[in-house]
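1. generate coordinates for the sequence data below:
(one chain, ligands or ions: 1)
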Amino acid sequence: MPAQKKKPTRQNTARRGKKGGGAPKKRSKAELVLKTELSPQLHWMYIYLRKAKLKMPNLVLPRRIRSFRPTRNKIMRVLGNAYFDNRTVVIATHTQTTYMNRKGELKVKKIVRLPKARILDTLAHEIAHFQYADHGYEHEEFTRSIFKTFGLKEKCPYCKGTGKVQLEGKP
Ligand SMILES: [Zn+2]
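-> Predicted coordinates for the structure are as follows:
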């Protein structure tokens with residue numbers, strides 16, 4: 001008899017809200033815990049990632065975010081990279097100031113910290129690559145949408161709040 005069939009409901013184990021309410025389809029905001037693994041230098045990013053995921057529930061987040069600090073020996077070409085196979089994003093925490101030596105070679109002058117807004121800008125750019133692999137209008141717009149979810153009050157001095165990244169190569 002179908003009437004005998006016992007429906008396992010979530011309310012039996014974990015009671016949420018008032019009784020009689022239907023089973024919640026979405027988990028509440030307070031419960032959202034991200035699985036993304038972050039480098040210690042980038043732990044502060046977690047709240048921003050979470051903000052993005054709350055506003056854009058379908059956003060594909062990286063499994064891992066690793067930090068990168070450039071050295072004086074090599075010119076850094078990009079501030080970030082996205083790897084699709086293991087869904088890893090690499091984000092630079094510092095950048096280089098450069099100069100041209102007498103031989104006309106580009107050399108590193110100093111290693112400088114990047115402002116958080118600039119780092120978040122890179123983060124948005126790289127996450128957008130999981131949706132749009134190539135650079136172009138869609139990728140740019142998607143980067144901007146992600147960046148906006150961070151709700152930064154101060155505009156990034158480099159991108160002026162547009163979320164546009166200058167130093168960037170193909171992932
Ligand atoms: Zn890119």
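2. how about the helix ranked longest in the chain: buried residues?
-> In the chain, with assignment by DSSP state H, the single longest helix is helix 116-131. By neighbour count on 16 or more other Cβ atoms under 10 Å, the buried set for helix 116-131 is 116-130. All C-beta spots, glycine's among them, are computed from the backbone N, C-alpha and C.
3. tell me the mean pLDDT for that helix?
-> On average, the pLDDT along helix 116-131 is 96.
4. likewise for stretch 66-80?
-> 95.
5. measure that stretch end to end?
-> 10 Å (Cα to Cα, to the nearest Å).
6. list the buried residues in it.
-> 66, 67, 68, 70, 76, 78, 79, 80.
7. check stretch 82-96 too.
-> 82, 83, 88, 89, 90, 91, 92, 93, 94, 95, 96.
8. residue 49: which of those residues is nearest?
-> Distances from residue 49 to the buried residues of stretch 82-96, taken as Cβ to Cβ, are shortest for residue 89 (10.3 Å).
9. pretty sure the closest one is in a strand, no?
-> Yes. Counting by DSSP: H, G, I helix; E, B strand; the rest coil, residue 89 is located in a strand.
10. go ahead and confirm it touches residue 128.
-> No. Between residue 89 and residue 128 no contact is recorded; they are 10.6 Å apart, counting by Cβ atoms under 8 Å.
11. residue boundaries of the strands in the chain?
-> Assigned by DSSP state E, the chain shows strands spanning 37-38, 64-68, 80-83, 88-92, 94-100, 106-113.
12. the shortest one - contacts with which helices or strands?
-> By that I understand strand 37-38. Secondary-structure packing of strand 37-38 (3 or more Cβ pairs under 8 Å, 6 or more residues apart in numbering; DSSP states H and E): strand 64-68.
13. what's the answer for the last one, then?
-> If you count contacts as 3+ Cβ pairs under 8 Å, 6+ apart, strand 106-113 packs onto strand 94-100.
14. no further questions, thank you.
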